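*Asks:* sequence and predicted structure below; questions after.
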Amino acid sequence: MTGPEPSPVTHFITMNAPNAEAHFVRGVSRHLEGGAWRWLEPRAELVFRLPTTQRLRFVMEFAIPEVTFAQRGPVVVSVLVNGQLLDRSRYEKGGEFRIEKPVPAEWLRTDLHNYVTLEIDKPWVAPQDGARLGFILKSAGFLQ
């Protein structure tokens, strides 16, 4: 007997994981920077599969480069889980950040994919090539 192949989509990813790209729906760079992070477009979407919906926290480690504030000023980063607003935070300066928020079980599902949308209110336009970028993502997903 053979069963279906295990899904490469899991509950949590680091951007340098071998299965990271299986989690990218849109807006995530395919290019791994510094061996550990990826640029996001101003609106990006990730997908996750969960073994449970109970007592989960959404955790995200990210960075906003200080150099981008000269062009765009303070920014607001929003996190939506399956279309529900989980967090909206304003950042006045660059640096490395972590979001960790409990997620209501009724927002999540085990039988289908769970979608996380990451948004920044103002893109940064890269001077080299004019790319419209959001922020840097290191890891994201659901933990107990």
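*Replies:* Yep, it's here.

*Asks:* all strands of this protein, in order?
*Replies:* 12-14, 24-28, 38-48, 56-64, 75-81, 84-91, 95-103, 114-120, 124-125, 132-133, 136-143 (DSSP state E).

*Asks:* and the first one, which residues are buried?
*Replies:* Along strand 12-14, the positions that meet the burial threshold by neighbour count (16 or more other CB atoms under 10 Å) are residue 13. Heads up, the C-betas are built off the backbone N, CA and C, glycines and all.

*Asks:* burial count for residue 63?
*Replies:* When neighbours are defined as other CB atoms under 10 Å, residue 63 has 14 of them.

*Asks:* looking at strand pairing, list the partners for it.
*Replies:* On the basis of DSSP bridges, residue 63 is bridged to residue 96, residue 136.

*Asks:* that one against residue 96, yeah?
*Replies:* Yes - at 4.7 Å, residue 63 counts as touching residue 96 under the criterion of CB atoms under 8 Å.
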